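Engineer: Curious how this folds, go ahead:
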Amino acid sequence: MGVLCLLLDKKRQYSSLLADIFNITGHKLLIALDEEKALELLKMASPEAVLLSLEDLAFWLKILEMGYYPSPIFFLESHEDAEIIRKYGLREVNYVVLPFNPIELLTKVVNLSKSPQEPAHLETIGPASTLLKLLRHGITSSMVMEGPNYSCAIYIENGVLKGSNCNVEELVKLMPENLKIWLEPYREEDLEPTLVFANNWEFFGQLVSDYKPETVMPQVMQEEALIATMESPTAASVPDLDQPLELGDGFYWVGVQDKKGLFHKNAYLRIYGKDNIKVPILINMGTEQEYVLIRTKLEQVLGPVDVVKGIILMGSGIDESSGILGFLQGNKKAFVITSINIAQRLKALGIPQARIRTIETFPRSRLKLASGHVLRFIPTPFLPEAGSFAVLEEDTGRLFTGRLLSSLVTPEEFNPLKNAHVEDMLLYTNLIAPSQEALKVFLKRIEHDTVLSLYPMLGNPLNSEAETKWLLARLEGLAVVYRDMQSFDKDLILETCENLLKFLETNLESSELNSFLEDLYQFAYIEDSKIIQVSVDIEALPSLIIGIMYSKNLNARFIKEAIRHFYLSGAPFTI
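Structural biologist: Residues are numbered from 1 along each chain as shown. Modelled structure (predicted):
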């Protein structure tokens with residue numbers, strides 16, 4: 001089984017290269033472009049190692065204080081920088097010097113992930129990484145370090161530092177030395193510690209007490225922070241989602257917010273115009289109930305909906321297309337533009353062939369409108385259905401997609417004027433993609449196109465050219481996880497579910513928790529967050545838990561955390 005690592009890449013120097021290398025070698029890499037996202041990922045996963053620049057040393061210390069214990073691997077500018085981290089008990093396995101060999105990095109990752117047993121291995125990874133692994137896995141042991149002049153023992157019980165038979169000064173002096181390290185059984189009755197720790201951070205805090213992080217922000221960073229502050233939305237700038245939102249010239253969001261859940265439906269109105277010619281096109285639909293709200297927004301922008309010339313329909317699911325009947329009844333002249341596969345399903349709903357135009361019949365998959373604008377239709381088979389496709393506006397570089405590159409966001413996060421988190425888009429795409437090959441086919445079809453922004457069916461858009469390019473680059477190296485219900489380790493599924501239950505117990509109100517557990521008890525016998533017995537297939541348990549969370553109308557934030565939790569563990573589930 002591969003090693004799970006977290007990369008903090010604020011300057012985007014390493015992500016593309018390392019994502020490919022990790023995928024090829026069977027390891028898994030979580031990528032965060034800022035500290036907030038890194039902390040979010042740490043809450044839902046337990047990486048063996050965190051990869052980061054030396055200038056982010058303060059972040060590693062911060063997560064130690066918060067109780068997260070991944071071993072660090074720092075990117076250093078020179079070998080001289082190694083002395084900075086060696087005094088904290090870190091060793092050569094904890095850094096690579098730029099430019100680095102990715103295989104060397106992976107070798108160090110694997111070494112750090114091995115169980116701490118043999119003294120030779122412990123001496124290689126050093127005292128800090130040995131200690132971090134003992135804490136991370138909740139081990140009870142005594143770690144003995146022998147230096148040139150004296151030795152010290154540090155006592156750990158169930159992942160908690162209890163004390164040491166050395167004082168602070170002796171420990172600090174010992175850490176950078178060439179040490180012999182071994183583990184001995186921990187027996188509380190035999191201990192007479194010189195130094196007692198109130199908690200784990202008291203030990204680490206004393207060890208790094210000489211560290212002085214740079215407090216003066218460089219000029220460039222000051223300017224970037226100022227821009228970010230000016231651009232960040234305030235409460236007053238949150239849009240009214242009951243109204244149409246103008247996104248650009250002749251470009252409107254007319255979708256529907258899911259006020260309690262994660263599935264926010266984006267419908268877009270494009271009014272293509274030139275001189276006195278106007279060609280209104282609706283992109284995406286929704287359910288019958290959602291179309292009532294979409295129609296109201298359309299009428300606010302256009303007046304009568306019968307002026308809409310056509311609707312582009314990129315999905316055939318009930319939640320994506322059932323509102324089409326109401327639209328066509330109110331507009332006797334509009335056409336549905338879709339793929340042959342989706343058209344066949346629409347005909348089953350009673351929509352006549354005469355009202356449908358299929359993208360496969362357009363010359364070179366392009367539709368030239370009366371206004372002169374050209375739409376290019378890009379098949380994306382099996383992302384997620386056979387007839388899936390995307391639409392590119394050739395003059396603006398806007399790419400409209402169905403579920404591909406969508407994201408699940410909470411009502412508080414949803415904002416059609418705000419950029420999506422790339423990680424959220426990659427997560428959802430991983431869940432719907434059948435294989436890496438399907439994604440490669442899509443990327444091959446747009447490799448010569450200029451894609452400047454992205455507007456998916458669900459979740460927030462990407463209005464930034466840089467973010468859009470970054471997403472597509474990440475997509476190329478995305479490792480699609482095949483979640484085989486039959487082959488997954490059942491003990492790991494249970495452990496993953498139990499970890500989620502502990503999270504819910506900590507965060508839910510008691511009434512919400514009791515209501516949720518009352519339904520779950522029908523399928524599983526649970527004691528102290530431990531699942532003792534289940535009356536359904538264990539493989540179905542993650543999907544069942546998510547379903548109960550939906551049925552109980554739990555806060556969308558917790559449902560999203562549950563989805564992330566199961567996704568990061570690799571457990572099989574559906575949403």
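Engineer: Any idea which residue is closest to the centre of this protein?
Structural biologist: Residue closest to the mean C-alpha point of the chain, counted by Cα atoms, centre = their mean, is Glu423 at 3.7 Å.
Engineer: what separates that residue from Val409, distance-wise?
Structural biologist: From Glu423 over to Val409 the distance is 12 Å, taken as Cβ to Cβ, to the nearest Å. Placement of C-beta: from N, CA and C, glycine included.
Engineer: Over to Ser464?
Structural biologist: Ser464 sits at a distance of 17 Å from Val409 (criterion: Cβ to Cβ).
Engineer: These two: which is more packed in?
Structural biologist: Remark: of Ser464 and Val409, Val409 carries more neighbours, 24 against 14, as counted by other Cβ atoms under 10 Å.
Engineer: For the residue nearest to that one when sequence neighbours are not counted, give me its contacts.
Structural biologist: Of all residues not flanking Val409 in the chain, Gly459 sits nearest, at 5.0 Å (Cβ to Cβ, 6 or more residues apart in numbering). Taking Cβ atoms under 8 Å, 6 or more residues apart in numbering, we find Gly459 in contact with 264, 266, 406-409, 414, 420, 424-425, 428.
Engineer: related to what we said a few turns ago, next up, identify which helix or strand the residue nearest to the centre of the chain is on.
Structural biologist: Element membership for Glu423 (DSSP states H and E) is helix 422-432.
Engineer: what about the stretch 301-450 of the chain, any weak spots by pLDDT?
Structural biologist: Judged against pLDDT under 70, the stretch 301-450 of the chain has no low-scoring part.
Engineer: coming back round to it: now flag whichever of the contacts of Gly459 is closest to Lys274.
Structural biologist: Ranked by distance to Lys274 (Cβ to Cβ), these are led by Asn266 at 25.8 Å.
Engineer: Now that closest one: closest residue in space, sequence neighbours ignored.
Structural biologist: In space, Asn266 comes closest to Gly255 once its chain neighbours are excluded; the distance is 4.3 Å by Cβ to Cβ, 6+ apart.
Engineer: Count the residues that sit near that neighbour.
Structural biologist: Neighbour tally, Gly255, other Cβ under 10 Å: 26.
Engineer: Please tell me how far it sits from Val305.
Structural biologist: Gly255 sits 15 Å away from Val305, taking Cβ to Cβ as the criterion.
Engineer: for Tyr272, same thing?
Structural biologist: With Cβ to Cβ as the criterion, Tyr272 and Val305 are 17 Å apart.
Engineer: cool, Leu367 as well?
Structural biologist: From Leu367 over to Val305 the distance is 21 Å, taken as Cβ to Cβ.
Engineer: residue boundaries of the strands in the stretch 101-250 of the chain?
Structural biologist: Using DSSP state E, counting those that start in this stretch, the strands found in the stretch 101-250 of the chain span residues 141-146, 151-157, 160-164, 180-184, 195-196, 245-248.
Engineer: Flag the shaky bits of this protein, pLDDT-wise.
Structural biologist: Where the chain drops to pLDDT under 70, the residues are 1, 116-117, 189-193, 210-237, 479-488.
Engineer: who's sitting farthest from the centroid in it?
Structural biologist: Max radial position in the chain (Cα atoms, centre = their mean) goes to Asn149, at 48.5 Å.
Engineer: Could you check how far stretch 535-552 is from the centre of its chain?
Structural biologist: Distance of stretch 535-552 from its chain centroid, counting by Cα atoms, centre = their mean, to the nearest Å, is 22 Å.
Engineer: Next, the buried residues of it.
Structural biologist: By neighbour count on 16 or more other Cβ atoms under 10 Å, the buried set for stretch 535-552 is 538-546, 548-550, 552.
Engineer: Surely Phe74 is within a strand?
Structural biologist: Yes: assignment of Phe74 by DSSP: H, G, I helix; E, B strand; the rest coil places it within a strand.
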